[in-house]
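1. starting from these lines, generate the structure:
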Amino acid sequence: QLRLVESGGDLVQPGGSLKLSCVASGFNLDEKAIGWFRQAPGKEREGVSCIASADGSPYYTNIAKGRFDISRDLGKNTVYLQMNSLKPEDAAIYYCAAGREISTNTHAFDYWGQGTQVTVSS
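-> Model (predicted):
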């Protein structure tokens, strides 16, 4: 059974950092692309970053460029999202998802985790 479990969400002050984790089970990370998405109250879910299955190449949306870093540990079957210089507008529930290819479209991803809450506030 394919499963994704996020963790690492927390309350952080503006300018702070957090590292989110996404542990995959039921498949190997070199079989599926993994994307990070986020959804704030009253807003649509939006893409943040993705990592390719074959070679681990990263992709960042404008949300993440220059501030976030996506990586993976194949041995732990885990994908990470290091988030730096966090802003209040980064507050959201962050989800990881598994799909066929790198995309910022939620419809390209078939399997989703339950999400982890990130709050950015002083």
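
2. how about the residue nearest to the spatial centre of the chain: what's its closest non-neighbour residue?
-> With distances taken as Cα atoms, centre = their mean, the chain has residue 36 as the residue nearest its mean C-alpha position (2.5 Å). Excluding the flanking residues, the one nearest residue 36 by Cβ to Cβ, 6 or more residues apart in numbering is residue 48, at 4.4 Å. Bear in mind the C-beta positions are built from the backbone N, C-alpha and C, glycine included.

3. ok so, going back, now do the contacts for the residue nearest to the centre of the chain.
-> Counting by Cβ atoms under 8 Å, 6 or more residues apart in numbering, residue 36 makes contact with 20, 22, 47-50, 70, 79, 81, 94-97.

4. what strand or helix carries it?
-> Using DSSP states H and E, residue 36 falls within strand 33-39.

5. pairing partners for that strand, with directions?
-> strand 46-51 (antiparallel), strand 92-99 (antiparallel) (DSSP bridges).
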